[in-house]
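Asks: here you go, sequence then predicted model.
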Amino acid sequence: MADAESYVIGVDFGTLSGRAVVVRVSDGVEIGSAVLDYPHAVMDTTLAATGEALPPEWALQVPADYVAVLQSAVPAAVASAGIDPSRVIGIGTDFTACTMVPVLADGTPLNELAEYAGRPHAYVKLWRHHAAQGQADRINDLATSRGESWLPRYGGLISSEWEFAKGLQLLEEDPELYNRMDHWVEAADWIVWQLTGRYLRNACTAGYKGILQDGEYPSEAFLGTLNPAFSRFALDKVAHEIGQLGASAGSLSAEAAAWTGLPEGIHVAVGNVDAHVTAPAAQAVNPGQMVAIMGTSTCQVMNSDRLAEVPGMCGVVDGGIISGLYGYEAGQSGVGDIFAWYVNNQVPAAYVEEARALGRSVHEYLTELIKDQPVGGHGLVALDWHSGNRSVLVDHELSGLVIGMTLTTRPEEIYRALLEATAFGTRAIVETFNDSHVPVTEFIVAGGLLKNAFLMQIYSDILRMPISTIASDQGPALGAAIHAAVAAGAYPDVRAAGEKMGKLNKNVYVPNEASSAAYDELFAEYTRLHDYFGRGENDVMHRLKALKRRAAVTAREALVSV
Ligand SMILES: Nc1ncnc2c1ncn2[C@@H]1O[C@H](COP(=O)(O)OP(=O)(O)O)[C@@H](O)[C@H]1O
Ligand SMILES: O=C(CO)[C@H](O)[C@H](O)COP(=O)(O)O
């Protein structure tokens, strides 16, 4: 049967895998999908090429793994959709961020040069590479003392996860590689470069992660004061032509057409970030609609017609989510990652066996065991900082904490305390926006954690807000597909495409007043601990991380001397 429909492909490059989805342009129906787990996953303990131990807080990836997604997941998604590839009119991508690739002028990643394959700094620094906190602290101290005009646009603090802190770490720890690198490229743009053969820098990461505000990067004088060899970092390594969100970055090259099985010459959308593409996919692009993309981490994005300083936010960028509005971003560096750490490291074998026998995941089993306990019944409160704190403290030297454990505390109780802690972290962010006159009027959830209904109810109770949910399991990939449809000219802009192709279920979870009242008491305890450990009263977490780094150096030196 002849198929008159047009399709677009959205590819979501997540932390551990890349997912491709085939989407119908007329109404956003998802026709087929496929996933590839990155062969090298995340290298956060050892470098795969050498087996060398990596220092604490490192997180690297291999760029060839991203190309493997194009070669494998895209054709598999098209095959599963059963469509004729010639009906595909565009492809869009989204990526984790700030995830940085050091490359030569032609886009070759430094780790692909044989002489650098054993050098950790030649690899992709994943968003959750947190080893540049020292550099971030220096950027923040200097920017504060000089009164840099861009600092308030980042809530007063630049994160160690962003482009400048990571770039300065590269310079100071491996200057040879820094000098060899021609471009310091967001993976979001590198993948589009692989698809089109052309490097274009997307307006989203350039603004949020690359300190591009009102057309300017931090000055040579500022950067040179941080380190004289860093003065031309923005000009030489970062600055590049900017592409707007939803625009076409170019056409699919012959090489990429052969990888993907898609027609050569179709439109490729300008790169974008996993969180930001999801707002139109959830039909949530109006002022006050906060979208939380909850997966391994959580990223909160929201539009506003007001420009305001929100302490500890990740950033505000004019048109950073959708053109015509100020896009705000905040985030929590560890959410699903914390639950995964707990499940993988702290749960007794008997629980794992019981979950297996019941045909449940350990997450589901723990949730089932604890979901009927009254609020506060575990006597615990936790801090959700196992991967540091991105908002509102912007400090990756902070670490996790559970308080209230006794000899009768059960594993499922700690699991629940961790679920709750991430919701308290979200409430701290929402309250900061409200206090900064950028009110959060609606809360919408997308991402893999939607699958846990109990977790969603906890969020509704703790936030005291109804929770609406995206009606797609693949929110970011759908968002990337929406951008592809706009780039291909099927819709005039991202808002119009989102209205037709996005999907939202309104007010799926509503707060329970009795639970909310009990959670208010726990939130007061969370806030006390948050400020005590996070705002300088007790710097024990910083001291412990410093000790850990010293011990790692001692261990490496002992190894070398053997
Ligand atoms: N039932 C569950 N309850 C809570 N968390 C879960 C559950 N199942 C999986 N997770 C967590 O979900 C996370 C994966 O989310 P996902 O959105 O798929 O990933 P990503 O953020 O990389 O896109 C993992 O960190 C895992 O710990
Ligand atoms: O910082 C972000 C976007 O700016 C995201 O949190 C980061 O990209 C990781 O996303 P995920 O946890 O969904 O893999």
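Replies: Great, that's in hand. Ligands and ions are numbered 1, 2, ... in the order given.
Asks: isn't Val67 up against Gln194?
Replies: Yes. Using C-beta atoms under 8 Å, Val67 is in contact with Gln194, at 6.0 Å. Using the backbone N, CA and C atoms, a C-beta is placed for each residue, glycine as well.
Asks: tell me who's in contact with the closest residue to Met405 other than its chain neighbours.
Replies: In this structure, Met405 finds its nearest non-sequential neighbour in Leu380, 6.7 Å apart by C-beta to C-beta, 6 or more residues apart in numbering. Applying C-beta atoms under 8 Å, 6 or more residues apart in numbering, we find Leu380 in contact with 402-405, 409, 413-414, 416-417.
Asks: can I have the buried ones of the residues you listed as a PyMOL selection?
Replies: Here is the PyMOL command that selects the buried residues among these (16 or more other C-beta atoms under 10 Å):
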select buried, resi 402+413+414+416+417
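Asks: list just the nearest of the contacts of Leu380 to ligand 1.
Replies: For the contacts of Leu380, the residue nearest ligand 1 by C-beta to the nearest ligand atom is Arg416; the value is 10.9 Å.
Asks: from Glu364, how far off is the closest residue in space to that closest one that isn't next to it in sequence?
Replies: The shortest distance from Arg416 to any non-neighbouring residue, by C-beta to C-beta, 6+ apart, is to Ile370 (4.5 Å). Distance, Ile370 to Glu364, by C-beta to C-beta, to the nearest Å: 11 Å.
Asks: for Leu547, same thing?
Replies: Taken as C-beta to C-beta, the span from Leu547 to Glu364 is 37 Å.
Asks: likewise for Val67?
Replies: For Val67, the distance to Glu364 - C-beta to C-beta - is 34 Å.
Asks: report how many residues lie close to Ala555.
Replies: Using other C-beta atoms under 10 Å, the number of residues around Ala555 comes to 10.
Asks: now it, nearest residue through space, not along the chain?
Replies: Nearest non-adjacent residue to Ala555 (C-beta to C-beta, 6+ apart): Ala53, at 7.9 Å.
Asks: cool, and Ile9?
Replies: Ile91 (4.4 Å).
Asks: next, that neighbour: phi, psi?
Replies: The phi/psi pair for Ile91 (degrees, to the nearest 10) reads phi -130, psi 140.
Asks: from the chain's centroid, how far away is the helix or strand containing Ala292?
Replies: Using DSSP states H and E, Ala292 maps to strand 289-294. Chain-centre distance of strand 289-294: 12 Å, with C-alpha atoms, centre = their mean, to the nearest Å.
Asks: let's see it as CSV, backbone CA atoms only.
Replies: Provided in CSV are the C-alpha atoms of strand 289-294 (Å, rounded to 0.1, in the frame of the first residue of the first chain):
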residue,chain,number,x,y,z
GLN,A,289,5.3,25.4,33.0
MET,A,290,8.3,23.7,34.6
VAL,A,291,9.3,20.4,32.8
ALA,A,292,11.4,18.0,34.9
ILE,A,293,13.2,15.4,32.8
MET,A,294,13.8,12.7,35.3
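Asks: which secondary structure elements does that strand contact?
Replies: Using 3 or more C-beta pairs under 8 Å, 6 or more residues apart in numbering; DSSP states H and E as the contact test, the elements touching strand 289-294 are helix 274-281, strand 298-304, helix 411-435, strand 442-446.
Asks: can you say which of the ones you listed is packed in most?
Replies: Among the helices and strands packed on strand 289-294, helix 274-281 has the highest mean neighbour count (mean count of other C-beta atoms under 10 Å), at a mean of 31.
Asks: what's the angle from that one to strand 442-446?
Replies: On the basis of axes from the mean of the first three to the mean of the last three C-alpha atoms, to 10 degrees, helix 274-281 is oriented at 110 degrees to strand 442-446.
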